[in-house]
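Asker: Any chance you could fold what I've pasted below:
(2 chains)
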Amino acid sequence: MASVLLAPGWRAEQRRAFLLGLSPSLAVLLVITLVPAAALLVASFTPLSLTDPAATFRFDDPLVNYRQLLQDNRFLGSIAVQFKLSASSVALQLLVGLGLALLLNGKSRVLEGARTLFLIPMVLPPIVVALIWKIMYTPDVSPVHRALEHLGSPVRSLIANPETALWAISLADTWQWFPFTMLMVLASLQMIPDDPLEAARLEGANRWQLFRYIVFPYIRPVLVVCGLFRLIDSFKAFPLIYVLTNGGPGNVTEVTNYYGFIQAFNFSYWGYASAIATVMLVGVFVLSWLVGKLGWSDHEQR
Amino acid sequence: MNSASRTLGAADLAGAHEEGAGLAGLDSAPRQGPPWWRVHGRSLTVVLLVLLVLSPFLWLVQLAFKPAADIFGDSLLFVPTLEGFASLLQGNFLKSFGNSLLVSTLSTGFSLLIGVPAAYALTRWEFKGRDRIALWILVTRMAPPIAFTIPFFLAYQYLGLQDTVIGLAIVYLTFNLAIVIWLMQTFFEAVPASLEEAAWIDGCGVWQAFWRVALPLTAPGLAATAVMCFIFSWNDFFYALILTRTNAITAPVAIVNFLQYEGWEWTKIAASGTLVMFPVIVFTVLVRKYLVRGLMAGGVKD
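Answerer: Now for the predicted structure:
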């Protein structure tokens, strides 16, 4: 109650102090995020490239890059590749993560130990994850390849085969990120109240019914948030592709992010690459907005 | 015969009934788990799954200790050696390891310095547009790195920040500041504002109250936040690949150089991978309690 009486003076002083505390961060964020984003947008309207440094501020045909994108089969193909990779890896991560969370939900030292150990793939430096899977997919040093060879059925490396390369990356990506879903689902499983479960059990519900009608509705918002988070992050997939396949064989593993990277840092077509990055940025904005609309608010209410 | 079967049937029924009653009794008894075989069956499954899932990771670690001569041999048994690690000492790997350490520490320190007061202000100060600022920070976190790298790459050419530790540390603020602000907000929310108001009555200023009251109470959260920033910086590959050449090269980029130029010395490659992931695993064990919150706040990136 004292706080209500004292509020005015304290509040006024707070406001001044908070403005002071907030401004450095906002200023820095402005300079390192909004300014580059604006620069990116401006660059995307120019034919800026290494061969034409003078083109920095040439705006005679601002939409040239975007028109070109629509006719660029490699770009359109990269979106298809992105879609396949994102859809398969996000779906797998949700499934594996959910399954393991259900299995690990309980109190015992084994289960708790397993929970911590399963975090390893997610926190490893992405380059180490890429390295691990480079080894797994290299017949000379991979235990799987060696074992199969001993059994008399050698298998071609999955990443050298255009049919399987993308799924090999999807598998590695799933391995790296299933703990994310697992963690989040575990956290929400622990928040399910006991009463409805208890009541349903007394009514004679079996395990599947318990899951379908009581547990699942509780964790569905978390699954949606997880899926959207992972979907947004899947657009940034880079180290795995860079180390495992370099976008190949052919272009079968060249996602949009990787194509943008090649246009910018291999070919130095800055303007064109900026247009690609702008398109990606818009896509991420739309999805983030979805997170806010669909998932986040729902999740926060819990 | 007839009567025997009837007796049998009755006995069966009675048995079934008793069993049912027993299960119901078990289920409704508060602190009693399922029967022992179910607990151990699950533990066994979990242990096997942990081994299966972590085997690619364990394979990398054992490669790091394998003598080069045994890499392509058939035996799983070998005498561990430190050859791989020793050969890293002779090259430039230590320097890149040091760079990683320096960049991560610098970026973590600076983002805490300006991010913590901002997080505090955002928690305690209700003003118009607060939600919008929070959303902007979150979206920043989700933007694909390629959108930042193109403008940063071009600007750094002019500013002379290309291939410098400072330049890289600044770029890492694009994600570290967001982590600090989001995470610390959740920690400050747990501290009752009335404590700072009491300090104000005792004659403290706003920032004095923050420094003496709020901050010490969030010390574990602050430590977890610092660790999280450090891990994200340490794990970065994409920015370092593009914004460094030789001087400021970080450990993840050095590993990729091994893969490309050193003629596939697997022992050395695996040893460097093991060294790079070591700090991250130690840190994860230290802060696993806060990990869910951290990943939720920041999303995850490569």
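
Asker: Mind telling me what element the residue nearest the centre of chain A is part of?
Answerer: Chain A has A:Asp233 as the residue nearest its centroid, 1.8 Å off, counting by Cα atoms, centre = their mean. Using DSSP states H and E, the element containing A:Asp233 is helix A:216-234.

Asker: give me the number of residues near the nearest residue to B:Ala121 once chain neighbours are set aside?
Answerer: Distances taken as Cβ to Cβ, 6 or more residues apart in numbering or on different chains place A:Phe18 nearest to B:Ala121, at 3.7 Å, with adjacent residues excluded. C-betas here are computed from N, CA, C, even on glycine. If you count neighbours by other Cβ atoms under 10 Å in any protein chain shown, A:Phe18 ends up with 22.

Asker: And A:Ala277, by the same measure?
Answerer: 30.

Asker: Not counting residues beside it along the chain, what's closest to it?
Answerer: Spatial nearest neighbour of A:Ala277, excluding adjacent residues (Cβ to Cβ, 6+ apart): B:Ala147 at 4.4 Å.

Asker: Specify the local secondary structure of that neighbour.
Answerer: Following DSSP: H, G, I helix; E, B strand; the rest coil, the label given to B:Ala147 is helix.

Asker: Just say helix, strand or coil for B:Leu154.
Answerer: helix.

Asker: what residues does stretch B:166-176 touch?
Answerer: Residues outside stretch B:166-176 that contact it (Cβ atoms under 8 Å, 6 or more residues apart in numbering or on different chains) are A:28, A:32-33, B:103-104, B:106-108, B:110-111, B:115, B:140-141, B:148, B:152, B:156, B:159, B:161, B:229, B:232-233, B:236, B:239-240, B:243-244, B:248, B:250, B:298, B:301.

Asker: For PyMOL, write a command that selects the buried ones of the residues you listed.
Answerer: Applied in PyMOL, the following selects the buried portion of those according to 16 or more other Cβ atoms under 10 Å in any protein chain shown:
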select buried, (chain A and resi 28+32+33) or (chain B and resi 103+104+106+107+108+110+111+115+140+141+148+152+156+161+229+232+233+236+239+240+243+244+248+250+298+301)
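
Asker: So which of the contacts of stretch B:166-176 sit within helices?
Answerer: Using DSSP state H, the subset of these located in helices is A:28, B:103-104, B:106-108, B:110-111, B:115, B:140-141, B:148, B:152, B:156, B:159, B:229, B:232-233, B:239-240, B:243, B:298.

Asker: re earlier: may I have the residues that are in contact with the residue nearest to A:Ala277?
Answerer: A:36-37, A:40, A:277-278, A:280-281.

Asker: ok, 6 Å please
Answerer: For B:Ala147, the contact set (Cβ atoms under 6 Å, 6 or more residues apart in numbering or on different chains) comprises A:40, A:277, A:281.

Asker: Could you measure from the nearest residue to the last one once chain neighbours are set aside over to A:Ser25?
Answerer: In space, A:Leu281 comes closest to B:Ala147 once its chain neighbours are excluded; the distance is 4.8 Å by Cβ to Cβ, 6+ apart. In this view, B:Ala147 and A:Ser25 are 20 Å apart by Cβ to Cβ, to the nearest Å.

Asker: Quick check: phi and psi on A:Ser49?
Answerer: Main-chain torsions, A:Ser49, degrees, to the nearest 10: phi -160, psi 170.

Asker: list the contacts for it?
Answerer: By Cβ under 6 Å, 6+ apart, the contact list for A:Ser49 reads A:268-270.

Asker: Beta-bridge partners for it, please?
Answerer: Beta-bridge pairing for A:Ser49 (DSSP bridges): A:Asp52.

Asker: confidence score at it?
Answerer: Turning to A:Ser49, the model gives it a pLDDT of 81.

Asker: got it, and B:Asp27?
Answerer: So B:Asp27 comes in at 46 (pLDDT).

Asker: Up against chain A, what does the stretch 51-200 of chain B have?
Answerer: Contacts of the stretch 51-200 of chain B with chain A, taken as Cβ under 6 Å from any Cβ of the partner chain, map to B:56-57, B:59-60, B:114-115, B:117-118, B:121, B:125, B:139-140, B:142-144, B:146-148, B:150-151, B:173-174, B:194, B:197, B:200.

Asker: Buried members of those residues into ChimeraX, please.
Answerer: Buried members of those, identified by 16+ other Cβ under 10 Å, are gathered into one ChimeraX selection as follows:
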select /B:56,57,59,60,114,115,117,118,121,125,139,140,142,143,144,146,147,148,150,151,173,174,197,200
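
Asker: Now do B:Glu189 against A:Ile276, distance only.
Answerer: 39 Å.

Asker: swap that for A:Leu29, sorry
Answerer: From A:Leu29 across to A:Ile276, the span is 24 Å (Cβ to Cβ).

Asker: Please say which of these two ends up with more neighbours.
Answerer: Between A:Leu29 and A:Ile276, A:Ile276 has the larger neighbour count (other Cβ under 10 Å), namely 29 against 23.

Asker: A:Gly260 is in contact with that one, correct?
Answerer: Yes: with contact defined as Cβ atoms under 6 Å, A:Ile276 reaches A:Gly260; the gap is 3.9 Å.

Asker: Between those two, which contacts overlap?
Answerer: Common contact partners of A:Ile276 and A:Gly260 (Cβ under 6 Å, 6+ apart): none.

Asker: can you give me how far the helix holding A:Asp233 is from the chain middle?
Answerer: 11 Å (Cα atoms, centre = their mean, to the nearest Å).

Asker: Any residue of that helix touching chain B?
Answerer: Yes: interface with chain B: helix A:216-234 contributes A:229, A:232-233 (Cβ under 6 Å from any Cβ).

Asker: which other helices and strands contact that helix?
Answerer: Contacts defined by 3 or more Cβ pairs under 6 Å, 6 or more residues apart in numbering or on different chains; DSSP states H and E place helix A:216-234 against helix A:73-104, helix A:165-189, helix A:297-300.

Asker: Ok, which of those helices comes nearest A:Thr245?
Answerer: The minimum distance between A:Thr245 and the helices and strands packed on helix A:216-234 falls on helix A:165-189, with 5.4 Å, by Cβ to Cβ.
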